[in-house]
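> With the input below, show me the fold.
(chains A and B)
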Amino acid sequence: DAGITQSPRYKITETGRQVTLMCHQTWSHSYMFWYRQDLGHGLRLIYYSAAADITDKGEVPDGYVVSRSKTENFPLTLESATRSQTSVYFCASTITDRAWDTEAFFGQGTRLTVV
Amino acid sequence: DAKTTQPPSMDCAEGRAANLPCNHSTISGNEYVYWYRQIHSQGPQYIIHGLKNNETNEMASLIITEDRKSSTLILPHATLRDTAVYYCIVRAGPASKLTFGTGTRLQVTL
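Residues are numbered from 1 along each chain as shown, chains lettered A, B, ... in the order given. Next comes the predicted model:
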């Protein structure tokens, strides 16, 4: 199916475990993003990528690692999960980063619980 | 990017127009106004954006004041499915600067 998909939709993991959240888009958009959303907060940017092999930190990058070997995939890894990383994670993509046409497309989210 | 202020919540009767205000008094000349919404716990959905002219699409209308210090998103005939959190964002820079605040929770009622 065309669009942006995240997997898994729900994940429970233990403290200290490594976990990877997957994001796949079929539009060949250049830009991809990872956000987290916690109760009472808006979405906060974790990492973003302008193209394959180009990534950069967002507002809250600590504890996360990203890679982008292919344009369509942008996995987010929690190297050693902590309870504070319990959150809903959203992946998004845009065609460009120009201010006048940056409609962002979001995935359905991954609800991660760290116990 | 300019900071925005939105009311935390609003109610609207089904079939009536929903007018959601946003204050962005520090907006710069090259900053665009974007609106997104988030229904329940789904991913945010783009609605509309504009620079200084009013804009309309199949989902909504965006009215930007002449001094650009505020804007209003109008859903002309709100339905129960429009119940969501609506985010007003202003930005000029790259997409990495798309900053979501806490938005306005719109409740559409019968």
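> pLDDT below threshold where in the chain?
If you meant another chain, say so; for now it's chain A. For chain A, the stretches with pLDDT under 70 are A:1-2, A:99-100.
> nope, chain B
B:1-2, B:93-97.
> in chain A, what residue is nearest chain B?
Ranked by CB to the nearest CB, the top residue of chain A for proximity to chain B is residue A:106, at 3.1 Å. All C-beta atoms are positioned from the backbone trio N, CA, C, and that covers glycine.
> Wait, that residue touches residue B:44, no?
Yes - using CB atoms under 8 Å, residue A:106 is in contact with residue B:44, at 5.0 Å.
> When those two are compared, which one has more neighbours?
residue B:44 (27 against 21; other CB atoms under 10 Å in any protein chain shown).
> which neighbours do residue A:106 and residue B:44 share?
Common neighbours of residue A:106 and residue B:44 (criterion: CB atoms under 8 Å, 6 or more residues apart in numbering or on different chains): A:90, A:92.
> Find the nearest non-adjacent residue to the residue of chain A closest to chain B, please.
Once flanking residues are discounted, residue A:106 sits nearest to residue B:43: 3.1 Å by CB to CB, 6 or more residues apart in numbering or on different chains.
> so that neighbour, which of the three states?
With DSSP: H, G, I helix; E, B strand; the rest coil as the basis, residue B:43 sits in coil.
> and it, how many residues sit next to it?
Residue B:43: 22 neighbours (other CB under 10 Å).
> got it, and residue A:115?
Residue A:115: 10 surrounding residues under other CB under 10 Å.
> same deal with residue B:79?
Using other CB under 10 Å, residue B:79 has 12 neighbouring residues.
> so what's residue A:5 bridging to?
For residue A:5, the beta-bridge partners under DSSP bridges are residue A:24.
> My read is that it contacts residue A:24, right?
Yes - the pair residue A:5 / residue A:24 is scored as a contact, 5.3 Å apart, by CB under 8 Å.
> Have a look at the two and say which one is more surrounded.
Each of residue A:5 and residue A:24 has its neighbours counted (other CB under 10 Å); residue A:24 has more, 18 against 15.
> Let me see the contact set for the more buried one.
Going by CB under 8 Å, 6+ apart, the list of residues near residue A:24 reads A:4-7, A:72-73.
> how much space between residue B:18 and residue A:48?
32 Å (CB to CB, to the nearest Å).
> Pick out whichever of the two has more residues nearby.
residue A:48 (28 against 25).
> and that one, what element?
strand A:43-51 (DSSP states H and E).
> Which residue, neighbours along the chain excluded, lies closest to residue B:47?
Of all residues not flanking residue B:47 in the chain, residue B:35 sits nearest, at 4.3 Å (CB to CB, 6+ apart).
> Flag every residue of chain B that's near chain A.
Residues of chain B found near chain A (CB under 8 Å from any CB of the partner chain) are B:30-32, B:34, B:36, B:41-46, B:49, B:51, B:87, B:91-96, B:98-103.
> need the contact list for the nearest residue to residue A:47 once chain neighbours are set aside.
In space, and not counting its chain neighbours, residue A:47 is closest to residue A:66: 4.4 Å by CB to CB, 6+ apart. Going by CB under 8 Å, 6+ apart, residue A:66 touches A:34, A:46-47, A:49, A:55, A:74-77.
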